[in-house]
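> Curious how this folds, go ahead:
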Amino acid sequence: MKKYQSQLDAHGTEFLQRKKYMLSLLDTLNERRQTILETSPSAINRLEKRGKYPARAKIEKILDAGTHFHEIGLFAAYDMYHDIPGGYPAAGTIVGIGTVSGKKAVIVANDPTVKSGAWVEMTCKKNLRAQEIAMENHLPIIYMVDSAGVNLERQAEIFPDREHFGRIFRNNAKMAAMGIPQISCVFGFCVAGGAYLPGMSSDLAMVTANASMFLAGPFLVRSALGQDVDMETLGGATMHNAISGVADYEFANEDDALEWIRDQIAAIGTPSASPFDRITAEEPAYDSDELLGILPENLSGTYEAREIIARLVDGSRFQEYKPKFGLTLVTAFARIGGFSVGLVANQGKSVRKQMPPDNHGQPQPAQVQMSNVIYSDSANKATHFIMLCNERRIPLIFLQDVTGFMVGKMAENNGIIQDGAQFVNAQANSVVPKFTVVLRNSYGAGNYAMCGKAYDPRLIYSWPTARLAVMDGGIAADTVLLTKKNLTEIERTNFRQKLVEKYANEASPYYSAARLVVDDILDPRDTRAALINGLEIAANNTVLPPFVTGVMRM
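Numbers count the residues shown, from 1 in each chain. Model prediction:
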C-alpha cells in the first residue's frame, strides 16, 4: 500500500480557522466532561468514613498500571432528569473497557454518590449496553455492585418491558451459557431484583462492613411480614457466606476485594487465536493534531475524506477499492493498530462523474455529484466492498458524514431504492466487527447504510461536530410547512424557527450520547486509539458465523 500524499496546508488560513472552531467545541466538551466527573467532597468524605472508595477509584485500582480505561456512556442521562436535584450524572453507573491482569474486560461500577446508586431508565440501558459489548466480543465482565435498586418513583421507566430491568438477568443467564466469566463483588447495597445480577454471576464476593443483599430490605419485610430484622441478619456478608451460601467470598475491606477481582481475571484462560490478521502497528505519517483543522465550521462546507483516513491508518497508507467509481464514497483497505481493516467514508466534497458518450458517440459533460450524498454507483460499490470484507474476515470501519441517498426523478428512474436496499441488506447481514464514527452529518437512511446504531456496530462514536437526525432541520421545517396552508406569514415564520431549534437540539451529539445512541463523544485526536481498542476487544471473540445475505433485488 502506498502512503497517501497529503495536500493539507496546516499553516493556511482555512485550516487554522477550522481548527479554532474545533478547539472551541472541544472546550465545551471538556467542560461538560469535567462537570460529570466531579463528585462533591462531602459525598467522598461520607464514603471514606465507611472505608469505601469512590466508584472511579475502585476501577482505577483494578486496572493494569499504565493502561487506559475506555469509558462508555459518560454522557448517559446528560441534561435529561431535570426534575431530580443534581440530575443523574453518567446515569449513576460507570461502564467501560479496561485491561485487568493482562486481559480486556468490561467493567460496570454503580456510583453510590448518585441517588445511592438507584436505577432509572438510562441506568438500565447503560447496563444492557455493557452486557451487549461483553456478549458480542466474548469479554469477561466485572460488576462492582453498590445500588439501592430501582428508583421506585420512576418504576414505569424500568419495568416490565423487553429492554427493561429483567433483561439484565436474562443476559446473565445467556452469558453463562456462552461461557463468559461474570465476576461480581458487592460493596454496598444490593436490593430487590438487583440482587439477581450478582446472584447469577460466576463468582460472588461481599465486603463485610458495608455489603448487604436481599430481595426485600428491613423496612419492606416489616411492612409485609411484621418481622423486625437488622441488615446483617437479613442479608449481610457474613450471613450470605456462612448460612445462605449465596456468596462465595467475604473480604474485610475493599482493597482485598479489589485484589480478588484481579486474581479472578488473571485465572481466566487465554482465548483461541483471533480470526483477524494483525501485524506490528505503525503510527500514521501525519500528525493527529491536524485532524482538528479538516472539517469546516458549517455543515455544508467541503473537505477531502482521505485526509482524515490518512491520519488514522498505519503509516498513512491505504489501498482504495474502485477509486474511480462511486466517487461520493471512499472505500479502502488499510491497517489500524496493525489490524487489517476496511474503511467506508463519505466524501466531503462534490465530485465529477465521467459520463459515457451519447448514442452518436459524442462526449457528454461530466455529472456533478454532491458531497455527502449516496448515489446508486456509490451504493453498489459499498455493497460489494462490505461483502469482500466479510468474505476475507476483515473488520469494517465507517466514517459517517452523510445527508442521505440521492433523490429526484433521475435517481428514482435509475433505481436508487433498489441500490440502497442492497447496501442496507449487506450491512444488516455483515458478520465481521464493525465500528462507526459520526464525523458530521448523519441523516435519514444514510445513517442506516453507513452502520448507525440500528446496524450493530461493536462501538459507535461521534465527534463534537456530529449531527444525527432524520434530516436537516431547515429542510424538515420547509417540508412540514407545505402541509400547513392556513397559517399567516408570522405564524409560518414562528413555526419554522421553533422546529429548526428543536431539530438543532435533538441532532446534537450530546442529545444522542445522553440516550446512548453513541457510546462517547471523541476528541478527533483520540479516534485512532478508540478504534484500536475496539479492534482488540473484537479479536477476543474467535467465532464468526457465515456471511449470508439471502435474496437481494438486482
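> going forward, measure contacts between C-alpha atoms and count neighbours the same way
Fine.
> Could you check how many residues crowd around Glu307?
By the criterion of other CA atoms under 10 Å, Glu307 has 19 neighbours.
> Once you drop chain neighbours, what's closest to it?
In space, and not counting its chain neighbours, Glu307 is closest to Ser6: 6.4 Å by CA to CA, 6 or more residues apart in numbering.
> Spell out the secondary structure type for that neighbour.
The three-state label given to Ser6 by DSSP: H, G, I helix; E, B strand; the rest coil is coil.
> Tell me how many other residues crowd it.
Neighbours of Ser6 under the rule other CA under 10 Å: 15.
> now Glu157
Glu157: 18 neighbours (other CA under 10 Å).
> Give the closest residue to it in space, chain neighbours not counted.
With CA to CA, 6+ apart, the residue lying closest to Glu157 is Glu121, at 5.2 Å.
> what about the one you found, how many residues close to it?
Residues near Glu121, counting by other CA under 10 Å, number 21.
> Span of stretch 468-477 from start to end?
Between the opening and closing residues of stretch 468-477 lies a distance of 16 Å (CA to CA, to the nearest Å).
> what sits up against that stretch?
Contacts to stretch 468-477, defined as CA atoms under 8 Å, 6 or more residues apart in numbering, come from residues 403, 441-445, 495-496, 499-504, 506-509, 512.
> Ramachandran angles for the residue in the chain sticking out farthest from the centre?
Using CA atoms, centre = their mean, the residue of the chain lying farthest from its centre is His360. It sits 53.5 Å away. The phi/psi pair for His360 (degrees, to the nearest 10) reads phi -100, psi 10.
> Which of the contacts of stretch 468-477 are buried? Put it as a PyMOL command.
A single PyMOL command suffices to select whichever of the contacts of stretch 468-477 are buried according to 16 or more other CA atoms under 10 Å:
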select buried, resi 403+441+442+443+444+445+495+496+499+500+503+504+506+507+508+509+512
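> Helix, strand, or coil at Pro296?
coil.
> Can you get me a residue count around it?
Count around Pro296 with other CA under 10 Å applied: 21.
> Could you do Thr436 as well?
Using other CA under 10 Å, the number of residues around Thr436 comes to 26.
> Note down every partner strand of the helix or strand hosting it and its orientation.
Using DSSP states H and E, Thr436 maps to strand 434-443. In the sheet, strand 434-443 lines up against strand 396-402 (parallel), strand 459-462 (parallel), strand 467-469 (parallel) (DSSP bridges).
> quick one, which of those strands is nearest to Ala156?
strand 467-469 (27.1 Å; CA to CA).
> now the helix or strand that the closest one is followed by, how far from the chain's geometric center?
Sequence order places helix 473-481 as the next helix or strand after strand 467-469, per DSSP H and E. Offset of helix 473-481 from its chain centre (CA atoms, centre = their mean, to the nearest Å): 29 Å.
> For helix 473-481, buried residues please.
By neighbour count, with 16+ other CA under 10 Å as the criterion, the buried positions of helix 473-481 are Gly473, Ala477, Leu481.
> Next SSE downstream of it?
Using DSSP H and E, the helix or strand that directly follows helix 473-481 along the chain is helix 489-506.
> by contact count, what packs against that following helix?
When contacts are defined as 3 or more CA pairs under 8 Å, 6 or more residues apart in numbering; DSSP states H and E, helix 489-506 packs onto strand 467-469, helix 473-481.
> would JSON lines of the ones you listed with distance to Ile416 and mean pLDDT be doable?
Output for these, formatted as JSON lines (distance: least, CA to CA, whole Å; pLDDT from 0 to 100):
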{"stretch": "strand 467-469", "distance to Ile416": "21", "mean pLDDT": "97"}
{"stretch": "helix 473-481", "distance to Ile416": "21", "mean pLDDT": "94"}
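> Reformat the ones you listed as a markdown table; add distance to Asp263.
Converted to a markdown table, the helices and strands packed on helix 489-506 look like this (distance: least, CA to CA, whole Å):
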| stretch | distance to Asp263 |
| --- | --- |
| strand 467-469 | 42 |
| helix 473-481 | 53 |
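> and of those, who's closest to Leu47?
Closest among the helices and strands packed on helix 489-506, once you apply CA to CA, is strand 467-469, at 39.5 Å.
> a helix runs through Arg306, doesn't it?
Yes. Counting by three-state DSSP, Arg306 is part of a helix.
> what's the helix or strand for the nearest residue to it once chain neighbours are set aside?
Spatially, and ignoring its direct neighbours in sequence, Arg306 is nearest to Val330 (7.7 Å; CA to CA, 6+ apart). In this structure, Val330 is located in strand 329-336 according to DSSP H and E.
> mind checking how far the lengthiest helix in the chain is from the chain centre?
When the chain is parsed with DSSP state H, its longest helix is helix 13-37. From the chain centre to the centre of helix 13-37 is a distance of 20 Å (CA atoms, centre = their mean).
> next SSE after that helix?
With DSSP H and E, the next secondary element past helix 13-37 is helix 41-49.
> I'm done for today, thanks for sticking with me.
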